[in-house]
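Asker: Need the 3D shape of this:
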Amino acid sequence: MAKVTIVHRDKVPGLPSKYTEEELKTVIEMVDEMFNNLGGIDKYIKAGETVVLKPNSCTYFGSVMIDKKTGEECVNLQGAANTDARVLAAITKLALEKANAKEVLTAETCAFDYHERWQACITLDVSGIKAAVEAVGGKAVDFNDMERVEIETKKPANAMDKIHVPEILTRSDVVFINCPAMKTHSFETLTLGMKNYQGIFKWEDKLIAHDGKLSLKFVDMVRTLPPRLTVTSGLWAVQGQGPIPMRGHDYMTITDMNTIVAGDNVIATDAVTARVMGFDPMEVRTIRLGAHLGAGPLDLKEIELTGTPIDTVKRDFMRPSGECNGIYPTVRVIEGSPCYVCKALVRAICDGLAFTFPKLHEHDQDPIFILGLNAYIPEDIRGSDKEVWVIGDCAAEHKNVTSNTHFYPGCCPMQANIELPGTVVNKWKSL
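Answerer: Numbers count the residues shown, from 1 in each chain. Take a look at the predicted model:
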């Protein structure tokens, strides 16, 4: 039977990337309680073993920033997008001092391979994770600087037969601990332990099955390369149109969740975390398919649950949406039959436009997006000079639909999520 525990405190002092040694003690006590609830740290980490922590360090935000207007330091709620540095520091310290691990590495890859600021060496630093783990004897590294090997996925595979992974994660004397953040996600509803696997791949492999098979890709990874433990940090958490809280939208960050959910099976841990966030695990594609395909249980009857009861910490998180059509009045979306990933991508683009350009609803040049196979193109668009963005290979037949069409190839074209909002907003501001 899978084991999962919930650890909670009414108050956790400090910030994810700024805290004192005294403030860190609270989180160390929480993580120690977590291990004890699951049978003791020695059950998961043996003396002399190397431990690899895989956080979600997907953004170049810390929980503090310098206000450009005042020059003073202030809290940055966007820091909730990253795994809490305090949790990683606590695991590292206990693994070294209590379990006598040989070394503890915290490793991540780039979120997007289009700009230096998204590289792991930057995100691990700015998030405060690098300083936090090094202060207690650990190391922060970029998986892209490490050897990779090609492995076959466990049969029967659901999304891919082979993929490259960091060689270190395949060693028998290495403890792989999956350390996601507690967040919503407009693509996958929630980004927890299963979705966190995306951060072990190099960029080319991130794009493998980044389509309608995306959830199944993570099922394949959980079945092929399961972690010894999954530790979800929810001291801060993200709700709404995650995974990254938008500046100025403070409601997206919950700063008093003060909860850690951990377990020896990814599916079970994600299922309990989903309930803590107010979601039925069956709503979450990764969890539902993982359980359906035998990677672990989602039913509480099949999970040994210890620690704080779910109902004590449960919140009803704002739900994300991957729907893109009819959301923003001044945005036209022409859909054929797109997969859920391309729809969510366009929604993320539209959210980016709206969040960075608040006057989007007043703009007289409506953005027009075309996606999916067999899209019907209205007469006022066909052959016109209207500016159109065609998203993904499925809609490639329309890449010349107007004299001013921009085509983003790929399945799905993740580069559009980074490039398009900034390009459009800068152009509009110049008009």
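Asker: going forward, measure contacts between C-alpha atoms and count neighbours the same way
Answerer: Noted.
Asker: Mind giving me the packing neighbours of the longest strand seen in the chain?
Answerer: Using DSSP state E, we find that the single longest strand of the chain is strand 229-238. Helices and strands touching strand 229-238, as assessed by 3 or more CA pairs under 8 Å, 6 or more residues apart in numbering; DSSP states H and E, comprise strand 174-179, strand 181-185, strand 253-254, strand 259-263, helix 266-276.
Asker: who does the shortest one pair up with?
Answerer: So the one you mean is strand 253-254. The pairing partners recorded for strand 253-254 under DSSP bridges are strand 229-238 (antiparallel).
Asker: Just the residues contacting the strand it pairs with, thanks.
Answerer: Residues outside strand 229-238 that contact it (CA atoms under 8 Å, 6 or more residues apart in numbering): 12, 16, 44, 80-81, 83-84, 87, 176-184, 192-193, 244-245, 252-266, 269, 273.
Asker: Please check the residues you listed and keep the buried ones.
Answerer: Taking 16 or more other CA atoms under 10 Å as the criterion, what is buried in these is 12, 16, 44, 80-81, 83-84, 87, 176-184, 192-193, 244-245, 252-255, 257-266, 269, 273.
Asker: okay if I get the helices and strands packed on strand 229-238 as TSV plus distance to Pro55 and mean pLDDT?
Answerer: Putting these into TSV (distance: least, CA to CA, whole Å; pLDDT from 0 to 100) gives the following:
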stretch	distance to Pro55	mean pLDDT
strand 174-179	5	98
strand 181-185	8	98
strand 253-254	18	98
strand 259-263	14	99
helix 266-276	14	98
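Asker: can you redo those as a markdown table with distance to Glu147?
Answerer: Formatted as a markdown table, the helices and strands packed on strand 229-238 follow (distance: least, CA to CA, whole Å):
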| stretch | distance to Glu147 |
| --- | --- |
| strand 174-179 | 15 |
| strand 181-185 | 26 |
| strand 253-254 | 36 |
| strand 259-263 | 28 |
| helix 266-276 | 25 |
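Asker: Quick check: which of the ones you listed is nearest to Gln239?
Answerer: Of all the helices and strands packed on strand 229-238, strand 181-185 sits nearest to Gln239, with 5.3 Å by CA to CA.
Asker: Next secondary structure after that closest one?
Answerer: Per DSSP states H and E, the first helix or strand lying C-terminal to strand 181-185 is strand 189-191.
Asker: That following strand - which strands sit beside it in the sheet, and in what orientation?
Answerer: Sheet partners assigned to strand 189-191 using DSSP bridges are listed as strand 181-185 (antiparallel).
Asker: What are the contacting residues of the strand it pairs with?
Answerer: Contacts for strand 181-185 (CA under 8 Å, 6+ apart): 55-56, 80-84, 190-192, 232-234, 236-243, 273, 319-320.
Asker: And the spatially most central residue of the chain, how far from Thr184?
Answerer: Geometric centre of the chain, nearest residue: Thr191, 4.7 Å, by CA atoms, centre = their mean. Distance, Thr191 to Thr184, by CA to CA, to the nearest Å: 6 Å.
Asker: so what sits against both of the two?
Answerer: Joint contacts of Thr191 and Thr184 (CA under 8 Å, 6+ apart) are Pro243.
Asker: What does the closest residue to Arg288 other than its chain neighbours show for phi and psi?
Answerer: Spatial nearest neighbour of Arg288, chain neighbours left out: Met282 (5.1 Å); criterion: CA to CA, 6 or more residues apart in numbering. With angles defined as degrees, to the nearest 10, Met282 sits at phi -70, psi -20.
Asker: when you give positions from now on, start the count at 676
Answerer: Yep, numbering from 676; the last one is Met957 now.
Asker: Lys768: neighbour count?
Answerer: Neighbour count of Lys768, defined by other CA atoms under 10 Å: 22.
Asker: Spit out the contact partners of it.
Answerer: Lys768 sits next to Val811, Gly812, Gly813 when contact means CA under 8 Å, 6+ apart.
Asker: Turn those residues into JSON lines, columns for pLDDT, distance to Lys829 and secondary structure.
Answerer: Shown next, in JSON lines, are the contacts of Lys768 (pLDDT from 0 to 100; distance: CA to CA, whole Å; DSSP: H, G, I helix; E, B strand; the rest coil):
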{"residue": "Val811", "pLDDT": "98", "distance to Lys829": "37", "secondary structure": "coil"}
{"residue": "Gly812", "pLDDT": "98", "distance to Lys829": "35", "secondary structure": "coil"}
{"residue": "Gly813", "pLDDT": "98", "distance to Lys829": "32", "secondary structure": "coil"}
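Asker: Just the buried residues of the residues you listed.
Answerer: Buried members of the contacts of Lys768, counted by 16+ other CA under 10 Å: Val811, Gly813.
Asker: Export the contacts of Lys768 to CSV and append columns for distance to Thr701.
Answerer: Shown next, in CSV, are those (distance: CA to CA, whole Å):
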residue, distance to Thr701
Val811, 15
Gly812, 19
Gly813, 19
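Asker: Okay, domains of this protein per the record?
Answerer: 677-988, 1007-1105 (automatic domain parsing).
Asker: now the helices for the protein?
Answerer: Secondary structure of the chain (DSSP state H): helices at 696-712, 760-772, 795-801, 804-809, 878-881, 889-899, 941-951, 960-967, 985-988, 1015-1031, 1090-1105.
Asker: Nothing else from me, thank you.
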